[in-house]
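Enquirer: got a predicted model here, sequence first, then my questions.
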Amino acid sequence: MTQLSTLGRQEGFGATTRRDAWWVGPALTFLGLSAFLIYGTVAAWTGSYYEIRRDAPFYTPGKHNPAVAPYLSPFFAPLIYDANGSHHALIKRDLQPSWLPSWFPFSAGFLILAFPGLFRFTCYYYRKAYYRAFWLDPPACAVGEPRKSYWGENRLPLIFQNVHRYFMYIAVLFLILLTWDALLAFWWPTDRSGQLIPAKGHQFGVGLGTIIMVVNVICLAAFTFGCNSVRHLVGGRLNCFSCPNNPEQLRTGYKLWRWSTRFNERHMEWAWISLFTVGFTDLYIRMCAMGIWTDLRIL
Ligand code: FES
């Protein structure tokens, strides 16, 4: 039965005195994160069409091939291995262990997505978002939750969330790798007419995919730089700016902390924007690699 607590808050799962549409935020979060999880899993599961290959089925040597472009999906970057021997791959052979059922694809995408995925999973903003949207714990501020006790994040399993600061270092590493891939997207194996440059040559070029990859890196950087762990790190790992310390270190740390805080103030927005751009970048490259969309060569 619904009761009113001493704080004036109604108790009982879903009980609230709120009159606004408090459920819209958690519902949209549920839909958005579910859509990304399903798309990301399917993309990784397929284990293909993550780059535009010279041996793509629609590529015809000597013909105009505007879809041949130096793009690699962020879901598969860095490309640790490729069973078909992609020139992007660090290891050009199939590594599927014999104990893994043959129906389960040993996709490089699963190995890659796990790390940025855990960075987001342990992010302070995403925690709030999925605690509300998926666990309904609580569904929103001042709305009754399904359990009575709160254990916090200081015991298993949620104590695991504290590894976020370490995943931040991995996320920065991925940002560097994706920046490198975005730079490679300016280095084309074809000329403007779409002809392959002889002797595996390359030249400067810009396609719509190049711009999409660069925008994706900028959005991921804005999300990563606003991370609370980045703020703490660049601020000099200080817990108190007004405490006595080396004045120069304090000044530099404070400037960097202020810089990171600008991104942090829009951390939720960057979380969603970058989630969208990383998914769309994969989709764009996938559609071009399948020959469904044709990439636009601009320069
Ligand atoms: S707090 Fe969100 S990424 Fe670190």
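Expert: Received, thanks.
Enquirer: got the contact list for residue 13?
Expert: 136, 144, 145, 146 (C-beta atoms under 8 Å, 6 or more residues apart in numbering). C-beta here means a position set from N, CA and C on the backbone, and glycine is covered the same way.
Enquirer: again, only this time at 10 Å
Expert: Shown here is residue 13, whose contacts under the criterion C-beta atoms under 10 Å, 6 or more residues apart in numbering are 2, 136, 137, 138, 139, 143, 144, 145, 146, 147.
Enquirer: mind checking which of these are buried?
Expert: Burial by neighbour count, 16 or more other C-beta atoms under 10 Å: within the contacts of residue 13 this picks out 136, 138, 139, 143, 144, 145.
Enquirer: quick one: the fifth one and residue 11 touch, right?
Expert: Read that as residue 144. Yes - counting by C-beta atoms under 10 Å, residue 144 touches residue 11, with 5.6 Å between them.
Enquirer: any idea how far residue 142 is from residue 130?
Expert: Separation of residue 142 from residue 130 (C-beta to C-beta, to the nearest Å) stands at 19 Å.
Enquirer: look at the two and report which has more neighbours.
Expert: Shown here are residue 142 and residue 130; by other C-beta atoms under 10 Å, residue 130 has more neighbours (18 against 14).
Enquirer: secondary structure element for that one?
Expert: Following DSSP states H and E, one finds residue 130 within helix 124-133.
Enquirer: immediately after that helix, which helix or strand?
Expert: helix 164-184.
Enquirer: mind listing what's buried along that next one?
Expert: 164, 167, 168, 171, 172, 174, 175, 178, 179, 181, 182, 184.
Enquirer: show me what that helix is packed up against.
Expert: Helix 164-184 is packed against helix 108-121, helix 124-133, helix 208-225, helix 228-234, helix 267-289, with contacts defined by 3 or more C-beta pairs under 10 Å, 6 or more residues apart in numbering; DSSP states H and E.
Enquirer: angle of that helix against helix 124-133?
Expert: Put simply, helix 164-184 runs at 110 degrees to helix 124-133, going by axes from the mean of the first three to the mean of the last three C-alpha atoms, to 10 degrees.
Enquirer: list the neighbouring strands of the helix or strand that helix 164-184 is followed by plus their orientation.
Expert: Sequence-wise, the next helix or strand downstream of helix 164-184 (DSSP H and E) is strand 187-188. Note on strand 187-188: by DSSP bridges, its sheet partners are strand 203-204 (antiparallel).
Enquirer: may I ask which two of the buried ones among the contacts of residue 13 are separated the most?
Expert: Largest separation among those by C-beta to C-beta: 136 and 144, giving 9.6 Å.
Enquirer: joint contacts of those two?
Expert: Jointly contacting residue 136 and residue 144 under the rule C-beta under 10 Å, 6+ apart are 13, 14.
Enquirer: so for the single nearest residue of the stretch 1-150 of the chain relative to the ligand, what's the pLDDT?
Expert: Closest residue of the stretch 1-150 of the chain to the ligand, C-beta to the nearest ligand atom: residue 123 (3.1 Å). pLDDT, residue 123: 97.
Enquirer: pretty sure residue 179 contacts residue 214?
Expert: Yes - look at residue 179 against residue 214 with C-beta under 10 Å: they come within range, at 8.9 Å.
Enquirer: list the contacts for residue 82?
Expert: 47-48, 50-51, 53, 76, 88-95, 108.
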